[in-house]
Every structure is written in structure tokens, then in C-alpha cells.
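Enquirer: here is my input; please provide its structure:
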Amino acid sequence: MAAMTSSARPFLNRRLAEFGTTIFAEMSALALSTGAVNLGQGFPDTDGPEQVREAAVRALRGGRGNQYPPGPGVPELRTAVAEHQRQRYGLGYDPDTEVLVTAGATEAIAATLLALLEPGDEVIALEPYYDSYAACIAMAGGRRVPVTLRPHQDGDASFRLDLDELRDAVTDRTRLLLINTPHNPTGTVLTREELSAIAELAVERDLLVVTDEVYEHLVFDDAEHVPLATFPGMRERTVTISSAGKTYSFTGWKVGWVTAAPGLVTAVRSAKQFLTYVSSGPFQYAVAEALALPETYFEEFRADLRAKRDLLTAGLTQAGFAVFRPAGTYFVTTDIRPLGESDGFAFCRALPERAGVVAIPNAVFYDHREAGAPFVRFAFCKRVEVLADATERLRKAFTR
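Expert: Numbers count the residues shown, from 1 in each chain. I've put the predicted structure just below:
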């Protein structure tokens, strides 16, 4: 008699059942099939600094990192990360015990949540949120509790955090706050006042805080990125996460890092070692050199992105979108209701044929889908000619 099988049971476990193929894969496939300009997925269409790329080549040819690098990361990169935090923010970290190199920020987030959460723990995340947050919380057995950033028609029309709503969301089951600033997808940069209130709440309720700061160098105009770990009482309870991909335009290298107190880093490393173990050996040496680039690099980088932001936001406005001007990141959120639309999913699925452009519906980043329904995200980390082509296509499609 044949053995019974479990083929009737779904292959994907219940915790991940809600996570199918990402919207990014769907939209990228539409871009390919229609020849549309892809402003959906957030990666640059040019490489970063040549000297950083050459540093990776030197490492490869010199035999550095071609075999397993040290578990915490190569000493050169851990030292460079610690020096970056000290010089820019006045945060002192021991590179041997308080810095951990990861396979990009996504692995850092996953390892941190797997390490710090018990099943049933609540995690408060700012909604809309980077899509991996929900999956990582689910894999850890936690329960996500979204606190929604809501649009405000202030000077630049932005999304803001309701601090009372955040405070009301904390319960006896809350384990940690997951904070992203500069914020993807809205482009919001939390102010000192907002961060101070978050810090006071975390200390008062004895909460851990995980901060995703991958866009730390992508801030514009008068916006200022301030790490939450710099506030009173936060250095010992905050896991700060960043990476090289966004700052240096080498997203495929997947080099990220965690900085935190020794006990927190040890916990995160305990989970991380069973995910990728180690990764990106030669690229770690290159990123160590990248972190030491002069300030002129960062100034020119921001100026280039600011000009691209202004080009795209102007084109979107002319096409009839309501535009939320981002203070950080390389994404623009728009409201499609002035175009007579209200369903971001339907709008984005039709947009490649209608205008020859791909965008992302913000609703995929919400638990409260209705709150994100009319919003659509465009990426501006593309060449100027690509952005000019996209805006012209949109203008022709929506101003006829």
C-alpha cells in the first residue's frame, strides 16, 4: 500500500500564505512585454563611482574575499562603518562587538526580527512600509501593527506621523518599533521633534527599536537625517540598519550592516549566521573604501538626485497628478484622484499600455488597503533622458 502524502496540504506555510509574487515582478514583466519605461522598481540604471568599482576589482584580483569572509564582516568594513557613524552622527561603536555586516539591509531586517521576536510579539511599523517588513515579521511569528502616515497639505504636501496614534498602538504585547526614515515609499523624513517623541515613548514603555536608515544620504532641501540612536536612552535599545546599495548605486552587491549594543548585535548575528552565513566578500572591501569618500561625493550625489526629483515631480504635476514632494529617498508618491482615478492597482496595470510607463500602486505597502488605494509611486533614480521620456509620455497620455 502506498504511503500517504501531504500533497493535499498547501506547500506554502500559513505564515507566508498572504505573500505571493511581488508587485515588482508583475510590473517589471509588464514593462518588458510593452516596452514601457520602468519607474517602478527602485534601482539606478547607472553604476556608482568608478573608484569604488575598481576597489572591488582589486579585491577580486588580490584574492581578498574570494573565500568565506569573517562571520561579522571583514574588519576593514566594520571599522569603516564605525567611523562613518562616529564622524557623521557622533555615535561611537566598537567595530569588533557592535557592528555586523549583512547581505544587504533586507537580511539585516530579517535577522533582527528573527532574533528579537517571540511568536505573538507585536511589531509597530509605519504604514505604508517596505514590503519585506511584513514577510519578516510573519516569518518570526510576530504580529504587525501598522500606524499610518497620512497625507498633509503642508508647505510641500507630505505624509506625516500621528504621534498620538503611535502611542495608542502600544500595548503590553508590543516588543519593538520598526521605524523607517527617510521613508519608502512616501519620501517623508521624520523631524527631530517626531524622533524625540518616538524615543521618549520607547524609553517609557521599554521597547526595542529597529531603524531602517538605508536612505540616510538621500535627503534634500532643508531635510535632515537624524539617527534615532542619538536620542537620550536610545543607544542601548536601538538596532540601526543601513546599506551601501542606495548611497553608492551598487544595489546588486548586497552589502548592509547593523550597528547596536553588543548584546543586540550578538542576538542578530545568531540568526544571521543561519541565513546567508556570510556574503559579498570582495564587495565588502570596496564598500569600506566607499564609506571614506570625501563629502563632495555625497553633495554631488544629492544634487543629482534632487535635480531628477524636480524633473519628475514637475512632469507629473503637468500631467495632472497630485504630487507629494519627497524630502528623501528616490521615490515620488502621487495621488491619481485628480485624473479621475481611485484604484491604484487598476491604474498601474493599465498604465504601461495607456502611457508607456510603469509605476507601483502604494496599496501593496498597506495593511489598510483603502488608505493607500489612490496613491502611486514613481522612482526617479534613473538617467535624465529616461525621466524626460517618461514624463513626456505621461503628459501626452493624460493631457489629451
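
Enquirer: contacts and neighbour counts: CA atoms only from here.
Expert: OK.

Enquirer: shaky segments in the stretch 1-150 of the chain?
Expert: Counting by pLDDT under 70, the stretch 1-150 of the chain contains low-confidence ranges at 1-7.

Enquirer: quick one: the strands in it?
Expert: 37-38, 99-102, 122-127, 143-148, 150-152 (DSSP state E, counting those that start in this stretch).

Enquirer: list of residues touching the first one?
Expert: Think strand 37-38. With contact meaning CA atoms under 8 Å, 6 or more residues apart in numbering, strand 37-38 is reached by 28, 31, 356-359, 386, 389-390.

Enquirer: which of those residues lies closest to Y129?
Expert: A359 (16.6 Å; CA to CA).

Enquirer: what's the next secondary structure element after the top helix by length along the chain?
Expert: Secondary structure of the chain per DSSP state H: the longest helix is helix 295-319. Counting by DSSP states H and E, the next helix or strand C-terminal to helix 295-319 is strand 322-324.

Enquirer: off-centre distance for that next one?
Expert: 21 Å (CA atoms, centre = their mean, to the nearest Å).

Enquirer: number the residues from 2 up from this point.
Expert: Sure, I'll start numbering at 2, so the last one becomes strand 323-325.

Enquirer: got the contact list for that strand?
Expert: 157-160, 187, 314, 317-318, 333-339.

Enquirer: again, but for stretch 23-30
Expert: Counting by CA under 8 Å, 6+ apart, 39, 41-42, 350, 359-361, 365 sit against stretch 23-30.

Enquirer: now tabulate the strands of the stretch 2-151 of the chain in TSV and tack on distance to A323 and mean neighbour count.
Expert: Shown next, in TSV, are the strands of the stretch 2-151 of the chain (distance: least, CA to CA, whole Å; neighbours: other CA atoms under 10 Å):
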stretch	distance to A323	mean neighbour count
strand 38-39	20	23
strand 100-103	38	29
strand 123-128	20	24
strand 144-149	20	21
strand 151-153	11	14
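
Enquirer: among these, which is nearest E166?
Expert: Across the strands of the stretch 2-151 of the chain, closest to E166 is strand 144-149 (CA to CA), at 6.8 Å.

Enquirer: quick one, helices of the stretch 202-351 of the chain?
Expert: 246-249, 263-273, 282-291, 296-320, 345-356 (DSSP state H, counting those that start in this stretch).

Enquirer: of all the strands of the stretch 2-151 of the chain, which one is nearest D46?
Expert: Using CA to CA, the nearest of the strands of the stretch 2-151 of the chain to D46 is strand 38-39, at 10.2 Å.

Enquirer: for stretch 29-43, the distance to its chain's centre please.
Expert: Distance, centroid of stretch 29-43 to centroid of chain: 20 Å (CA atoms, centre = their mean).

Enquirer: I should have written stretch 58-78 there, sorry.
Expert: Worked out by CA atoms, centre = their mean, stretch 58-78 lies 26 Å from the chain centre.

Enquirer: what residues of that stretch count as buried?
Expert: By neighbour count with 16 or more other CA atoms under 10 Å, stretch 58-78 contains the buried residues 58, 60-61, 65-66, 70, 72-76, 78.
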